[in-house]
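S.K.: task: produce atomic coordinates for the following.
(one chain, ligands or ions: 1)
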Amino acid sequence: MENETRFLCEAIELAYANVEQGGRPFGAVVVRDGEVIATGVNEMIKTNDPTAHAEMTAIRAASQKLGSPNLEGCAVYASGHPCPMCMAAMRLAGISEVAYAYSNDDGAPFGLTSAAIYAELAKPFAEQSMKIRYVPVRPESRSVFMRSGSGGRTDRRRFD
Ligand SMILES: [Zn+2]
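M.R.: Now for the predicted structure:
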């Protein structure tokens, strides 16, 4: 619990420091075995990268440091409630635990909330404001089997 408070305070300090640098007020730290292995801040403004949220930059840094996209056994401490993109990225990376210090309700008066996008994404595709369509195109050249490897073995390439 004490460590949790310390890691969350570190994430908050990163957020404040980022604001002083002209960035948005979000910071995150990645912890493994009680040690901070990577940190991140929101770099959207600096990089013109809409995906450069604090949690994303932190897990990218952690993966680079560990030399693996698998962050199993790592925890993320974020200054604010992670948005759905970051939550999904952390899940996909195998992050086992997430804690955040400020909720969407805390951030809402400042326009710092992802509650609307959570609500939107919970709706069926047809009811969402972004037009999402399933278009089952199968290019002729890729429609059946693909050769793989040098042995001439054919198998169904999977993308999962
Ligand atoms: Zn995010």
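
S.K.: any idea how far the top helix by length along the chain is from the chain center?
M.R.: The residue-count maximum for a helix in the chain (DSSP state H) belongs to helix 2-20. Relative to its chain's centre, helix 2-20 lies at 18 Å (Cα atoms, centre = their mean, to the nearest Å).

S.K.: quick one: name whatever helix or strand follows it.
M.R.: Using DSSP states H and E, the helix or strand that follows helix 2-20 towards the C-terminus is strand 27-32.

S.K.: burial count for residue 107?
M.R.: Using other Cβ atoms under 10 Å, the number of residues around residue 107 comes to 18. Placement of C-beta: from N, CA and C, glycine included.

S.K.: one step back: only the buried residues of the longest helix of the chain, if you could.
M.R.: 7, 8, 10, 11, 12, 14, 15, 18 (16 or more other Cβ atoms under 10 Å).

S.K.: stretch 79-93 too?
M.R.: Under the neighbour-count criterion of 16+ other Cβ under 10 Å, stretch 79-93 has 79, 80, 81, 82, 83, 85, 86, 87, 89, 90, 93 buried.

S.K.: what of stretch 90-103?
M.R.: Applying 16+ other Cβ under 10 Å to stretch 90-103 flags 90, 93, 95, 98, 100, 101, 102 as buried.

S.K.: in this protein, where is pLDDT below threshold?
M.R.: Applying pLDDT under 70 to the chain picks out residues 1, 143-160.

S.K.: which residues of this protein lie near the ion?
M.R.: Contact residues, the chain versus the ion (Cβ under 5 Å from the ion): 53, 83, 85, 86.

S.K.: kindly indicate which of these lies nearest residue 115.
M.R.: Nearest to residue 115 among those: residue 83, at 9.6 Å, using Cβ to Cβ.

S.K.: excluding sequence neighbours, find me the nearest residue to the closest one.
M.R.: residue 114 (3.7 Å; Cβ to Cβ, 6 or more residues apart in numbering).

S.K.: for that neighbour, which residues are in contact?
M.R.: Applying Cβ atoms under 8 Å, 6 or more residues apart in numbering, we find residue 114 in contact with 81, 82, 83, 84, 104.

S.K.: just those residues: which are in strands?
M.R.: Secondary structure from DSSP state E places none of the contacts of residue 114 in strands.

S.K.: which of these sits closest to the ion?
M.R.: Ranked by distance to the ion (Cβ to the ion), the contacts of residue 114 are led by residue 83 at 3.4 Å.
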